[in-house]
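>>> What follows is a protein structure lacking sequence information:
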């Protein structure tokens, strides 16, 4: 069962990595990041509600705390998806997905403030190493670094911050109900937010465009199936192993960018990417803050 659970986590990470690449293809065709995010979350919502209908026991939907923290998680996942795709549109998939994985740094900083984690010299050193990796990856030391924009870097970091909000929202909602109930509320919040902010005309145009099937694949892989597989997989997988296996996502996304979208990274950017991912994995395996 442990091996099967590890496979589920790996498959979820693979789906997330592919969803970043698919989103990049759609945005290269002119679709708005908000519209891409809306379809990813909206189609994912159908899968999660179906999961809730099939497994309604101990949903916790009568508890107001479940609704409160799930809505906060929804704001986090809406920001995470949106800023991630915006970062891809303004830069590259490899840079965007790696910056998003800086979420662990934000989790640690908030945990220090809330006294959920005890700050140590090693943890501060790890955070500094991640920041060094960000400098190398984004090439902010170069005045005219090609392929890297301030908006792209900012959006990537905001995607990580939003993911940290999702983690805390999910963590505090978990004692009051089931994962499928929490995700149903969170994704419903995402749909409401993005429906109000998105381009209505372009959202409707998707239904009659040649790209509709790609939007469906994005929603199934990036919003529905992946979250279900990940949470089921976590039930019998150690947090340390799950954190390591989840690195399949940035590797898959980066390879997709290189092979399909003809993106490229310099040697220093690869070093920065490796520095971030290795340090973030180490931070995640030591953190007391878990979700799922």
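In hand now; what should we look at? These numbers come from a predicted model, not from an experiment. Numbering: from 1, shown residues only.
>>> residues of stretch 43-52 that come out buried?
Under the neighbour-count criterion of 16 or more other Cβ atoms under 10 Å, stretch 43-52 has 43, 44, 45, 47, 48, 49, 51, 52 buried. The way it works is simple: take the backbone N, C-alpha and C, and place the C-beta from them, glycine included.
>>> Surely the fifth one touches residue 185?
Going back to what we said before, that points to residue 48. No: counting by Cβ atoms under 8 Å, residue 185 is not a contact partner of residue 48; they are 9.6 Å apart.
>>> Find the helix or strand that the spatially closest residue to residue 191 that is not a sequence neighbour is a member of.
Leaving aside its sequence neighbours, residue 191 sits nearest to residue 42 (Cβ to Cβ, 6 or more residues apart in numbering; 5.2 Å). Per DSSP states H and E: residue 42 is located in helix 33-54.
>>> Show me the shaky parts of the stretch 151-292 of the chain.
236-244, 283-292 (pLDDT under 70).
>>> chain center to the helix or strand hosting residue 275: distance?
Assessed by DSSP H and E, residue 275 sits inside helix 267-286. Centroid separation for helix 267-286 versus its chain: 16 Å, with Cα atoms, centre = their mean, to the nearest Å.
>>> how about the helices of the stretch 1-150 of the chain, start to end?
2-28, 33-54, 64-90, 93-100, 103-114, 121-138, 150-173 (DSSP state H, counting those that start in this stretch).
>>> Which of these comes out lowest on mean pLDDT?
In terms of average pLDDT, helix 103-114 trails the rest of those, at a mean of 77.
>>> quick revisit: relative to residue 104, which of the buried residues of stretch 43-52 is nearest.
residue 44 (23.2 Å; Cβ to Cβ).
>>> so who does the residue nearest to the closest one when sequence neighbours are not counted touch?
Closest residue to residue 44 apart from its sequence neighbours, by Cβ to Cβ, 6+ apart: residue 223 at 2.1 Å. Going by Cβ atoms under 8 Å, 6 or more residues apart in numbering, residue 223 touches 19, 40, 41, 42, 43, 44, 45, 47, 187.
>>> One more: residue 176?
Residue 176 sits next to 60, 63, 65, 66, 69 when contact means Cβ under 8 Å, 6+ apart.
>>> Quick one: buried ones out of the residues you listed?
Counted by 16+ other Cβ under 10 Å, the contacts of residue 176 give 60, 63, 66, 69 as buried.
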